[in-house]
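S.K.: this one's structure only:
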């Protein structure tokens with residue numbers, strides 16, 4: 001049985017469906033998640049001024065040691081994404097998290113939307129399945 005996967009959110013108008021779950025998740029995770037989750041949240045907030053931000057730690061589903069922070073998903077809703085292609089939006093997220101991506105962060109799922117897109121469809125896609133592997137392993141091809 002997989003452990004629960006609780007996203008933490010920063011939102012000016014939280015979804016009524018998410019409010020109680022997020023409150024419980026925040027309490028269960030000490031309010032802010034681990035050090036990498038806090039760093040991701042702080043850097044994305046500073047760089048992109050999101051109106052909604054979810055940082056989801058998917059690490060427990062990927063076979064690492066307990067407490068490892070290696071796999072994350074982020075949902076970033078920002079007015080700064082207006083007029084940008086999905087690739088340009090992802091580049092902004094990756095630039096904000098350059099140090100984390102060069103170090104402990106092994107995998108990052110990015111959903112980057114404008115506030116208008118978020119209001120018309122406030123769904124966060126599920127995490128993709130883990131395909132295994134490590135930065136330290138050589139892939140067979």
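M.R.: Noted; the coordinates are in hand. Note that this is a predicted model, so its numbers are computed, not measured.

S.K.: any weak-confidence spans in the protein?
M.R.: Applying pLDDT under 70 to the chain flags the ranges 1-32, 130-141.

S.K.: can you rerun that using 90?
M.R.: Within the chain, the segments meeting pLDDT under 90 span 1-33, 57-72, 103-107, 123-141.

S.K.: now the helices for this protein?
M.R.: Counting by DSSP state H, the chain forms helices over residues 19-28, 35-48, 86-96, 98-102, 115-120, given from the N-terminal end onward.

S.K.: Give me whichever of those is most buried.
M.R.: Using mean count of other CB atoms under 10 Å, the stretch among those with the greatest mean number of neighbours is helix 35-48 (a mean of 17). C-beta: built from backbone N, CA, C; applies to glycine.

S.K.: which strands and helices sit next to it?
M.R.: Packed against helix 35-48 by the contact rule (3 or more CB pairs under 8 Å, 6 or more residues apart in numbering; DSSP states H and E) you find strand 8-11, strand 52-57, strand 71-77, helix 86-96, helix 98-102.

S.K.: I'd like to know which of these is closest to residue 113.
M.R.: Distances from residue 113 to each of the helices and strands packed on helix 35-48 were compared by CB to CB, and the smallest falls on strand 71-77, at 5.1 Å.

S.K.: Could you check the angle that closest one makes with helix 35-48?
M.R.: With axes from the mean of the first three to the mean of the last three CA atoms, to 10 degrees as the basis, strand 71-77 and helix 35-48 are set at 30 degrees to each other.

S.K.: End to end on stretch 40-58, go ahead and measure it.
M.R.: Start and end residues of stretch 40-58 are separated by 14 Å (CA to CA, to the nearest Å).
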